[in-house]
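*Asks:* From the sequence below, what's the structure:
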Amino acid sequence: MVIKIDTNSQEFKAEYAKTVAFTDKVCKQFGFVYSPESEINESVTMGLTRNKMIYNKRYCPCFMVEGETDEERKVANNRICPCKPALEVEIPSMGHCHCGIFCTPEYAKDHTIEKEAALISHTHSRGLTKDECQALLKQQNVDSDELISLLEARELGMVDFILVDVREWMEYKDRRIKGTDFLIPTTSFYQALSQIDDKKDSNIVVYCFSGSRSAYCQQIMSSMGYNHIVNLGYGIVSYNGEVEKG
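*Replies:* Numbers count the residues shown, from 1 in each chain. Below is the predicted model of the structure:
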């Protein structure tokens, strides 16, 4: 059965205001800030409000509420905001709760910079700042526009990173991204990796043809103690910047 609640009703609006006051109190109590994504905050707040009206508790809206009675729901250990997993595991380790509404100030700041860096990279309205470069290099993946912007920033001395091609020698000779520093073929990966075994603390961007081989190499390098590995998602096939041959 689908329970329908009129979000324009006075009852909902009144309860929504109480939920906002509640989440404000949580932020103040634990030193959190709201997500930089206003849509996330609104969606989660509406979900908490809905659950409060239905169950009389602010169950986490990102999980199913199990149990038909109050006792059954208590036994099922449903998440009630602010939930224990968020306070003890998610926020300390990831910087934000599962739903995303509560963040550490550091995560919110970094996330805001990442958003701005992505916007600048895709519009090319200006060059990246140092903070924006570092934000991109903290991601698991970058796309073509972001790598182009990073290479431009490297040319200007704004950032330092190593660009590694993990394809085979024939592919490298046929076409490679201009600015590639090392060829470390996947088929002889461990032997060729010795070229950069002294650079485990360096920022490294890896790429292949479509992004799958480099993602695999990214995982291996991370397990070997390389600390800052970024993959070019979708590989050189998606790259719109300058390439070299020969």
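
*Asks:* which residue sits closest to Cys217 in space, ignoring its chain neighbours?
*Replies:* Val166 (4.7 Å; C-beta to C-beta, 6 or more residues apart in numbering). Where you see a C-beta, it was placed from the backbone N, CA and C, and this is true even at glycine.

*Asks:* Around that neighbour, count how many other residues there are.
*Replies:* By the other C-beta atoms under 10 Å criterion, the neighbourhood of Val166 contains 29 residues.

*Asks:* Same question for the one 10 residues further on.
*Replies:* When neighbours are counted by other C-beta under 10 Å, Arg176 registers 20.

*Asks:* And it, how far from Gly246?
*Replies:* 9 Å (C-beta to C-beta, to the nearest Å).

*Asks:* can you check Glu72 too?
*Replies:* Distance of Glu72 to Gly246, given as C-beta to C-beta: 70 Å.

*Asks:* okay, those two: which has more neighbours?
*Replies:* Glu72 (11 against 7).

*Asks:* Now the phi/psi pair for Ala135, please.
*Replies:* With angles defined as degrees, to the nearest 10, Ala135 shows backbone torsions of phi -60, psi -40.

*Asks:* Please name the residues that touch it.
*Replies:* Asp110, Ile113, Glu114, Ala117 (C-beta atoms under 8 Å, 6 or more residues apart in numbering).

*Asks:* Which neighbouring elements make contact with the worst-scoring helix or strand of the chain on mean pLDDT?
*Replies:* Within the chain, no helix or strand scores below helix 105-123, which has a mean of 85 by mean pLDDT, DSSP states H and E. Helices and strands in packing contact with helix 105-123 are listed as strand 33-34, helix 130-136, helix 144-155; criterion 3 or more C-beta pairs under 8 Å, 6 or more residues apart in numbering; DSSP states H and E.

*Asks:* Tell me the helix or strand right after the second one.
*Replies:* Sequence-wise, the next helix or strand downstream of helix 130-136 (DSSP states H and E) is strand 141-142.

*Asks:* From the rest of the structure, what touches that next one?
*Replies:* Contacts of strand 141-142 (C-beta under 8 Å, 6+ apart): Leu136, Leu150, Val205, Gly211, Val230, Asn231, Leu232, Gly233.

*Asks:* how about the helices in the chain?
*Replies:* Defined through DSSP state H, the helices belonging to the chain, from first to last, are 10-30, 38-55, 70-75, 84-85, 91-94, 105-123, 130-136, 144-155, 169-174, 189-192, 212-223.

*Asks:* Among those, which one carries the weakest average confidence?
*Replies:* Taking the mean pLDDT of each of the helices of the chain, the lowest value is held by helix 105-123, a mean of 85.

*Asks:* pull the CA atoms of that one into CSV?
*Replies:* Output of helix 105-123 as CSV, limited to C-alpha atoms (Å, rounded to 0.1, in the frame of the first residue of the first chain):
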residue,chain,number,x,y,z
PRO,A,105,33.2,20.9,7.4
GLU,A,106,36.3,19.6,5.6
TYR,A,107,34.3,17.3,3.3
ALA,A,108,31.8,20.1,2.5
LYS,A,109,34.6,22.4,1.6
ASP,A,110,36.4,19.8,-0.6
HIS,A,111,33.2,18.9,-2.3
THR,A,112,32.4,22.5,-3.1
ILE,A,113,35.9,22.9,-4.6
GLU,A,114,35.4,19.7,-6.6
LYS,A,115,32.1,20.9,-8.1
GLU,A,116,33.7,24.2,-9.0
ALA,A,117,36.7,22.5,-10.6
ALA,A,118,34.5,20.2,-12.6
LEU,A,119,32.4,23.2,-13.8
ILE,A,120,35.5,25.2,-14.8
SER,A,121,37.0,22.1,-16.6
HIS,A,122,33.9,21.6,-18.7
THR,A,123,33.3,25.2,-19.6
